[in-house]
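Chemist: From the sequence below, what's the structure:
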Amino acid sequence: MNAKFFLLLVVVASAAAQRPRYAYRAPGSSEESYESTEAKYSFNWAVSDDSSSNEFGHQEARDGDDTQGSYYVQLPDGRLQTVKYFVDGDSGYVAQVSYEGEARYPDSSESFESREYRPARPVYG
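Modeler: I've put the predicted structure just below:
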């Protein structure tokens, strides 16, 4: 019995001694990895919900340091807000905002506080 225990102890000690030791090493230079992997991509998506008349979307393209894109959203007042942007080196994110349409507000005689909440009627079938 002692021989089996001793043999097991030797096997466990041998396995523990063969495990690689992990030590801290300084990371490689980030400049090398950045220069070797220039970012290049392009994407675009859009949503148009007819039931709520809501529209929004986004598109962007990047090639290295040159990034430009735009996004748009239908505002609650009925206008369409469009933001066109680009990244200008050290100046950072530069945006140009524009609006299409005319803002529409509810009748001023009807206040929001006077409206009563009514849940939607269930639809069966």
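
Chemist: If we ignore the residues flanking it in sequence, what's nearest Tyr105?
Modeler: Spatially, and ignoring its direct neighbours in sequence, Tyr105 is nearest to Asp77 (6.4 Å; C-beta to C-beta, 6 or more residues apart in numbering). The way it works is simple: take the backbone N, C-alpha and C, and place the C-beta from them, glycine included.

Chemist: same deal with Gln68?
Modeler: Gln68 sits nearest to Phe86 (C-beta to C-beta, 6+ apart), 4.1 Å away.

Chemist: mind checking which helix or strand the one you found is in?
Modeler: Phe86 is part of strand 80-88 when elements are defined by DSSP states H and E.

Chemist: for that strand, packing partners?
Modeler: Contacts defined by 3 or more C-beta pairs under 8 Å, 6 or more residues apart in numbering; DSSP states H and E place strand 80-88 against strand 66-74, strand 92-100.

Chemist: Indicate which one of these is closest to Asn2.
Modeler: Proximity to Asn2 (C-beta to C-beta) singles out strand 66-74 among the helices and strands packed on strand 80-88, at 71.4 Å.

Chemist: Am I right that Ala13 is in a helix?
Modeler: Yes. Counting by DSSP: H, G, I helix; E, B strand; the rest coil, Ala13 falls inside a helix.

Chemist: That one: neighbour count?
Modeler: A count of nearby residues for Ala13, using other C-beta atoms under 10 Å, gives 10.

Chemist: pLDDT score assigned to it?
Modeler: Each residue has a pLDDT score; the one for Ala13 is 73.

Chemist: Identify all contacting residues around stretch 77-84.
Modeler: Outside stretch 77-84, the residues that touch it by C-beta atoms under 8 Å, 6 or more residues apart in numbering are 55, 68-75, 95-105.

Chemist: Give me the buried subset of those residues.
Modeler: Among these, those classed as buried by 16 or more other C-beta atoms under 10 Å are 69-72, 74.

Chemist: of those residues, closest to Asp50?
Modeler: Proximity of those to Asp50 (C-beta to C-beta) peaks at Gln74, which lies at 11.9 Å.

Chemist: Good, wrapping up.
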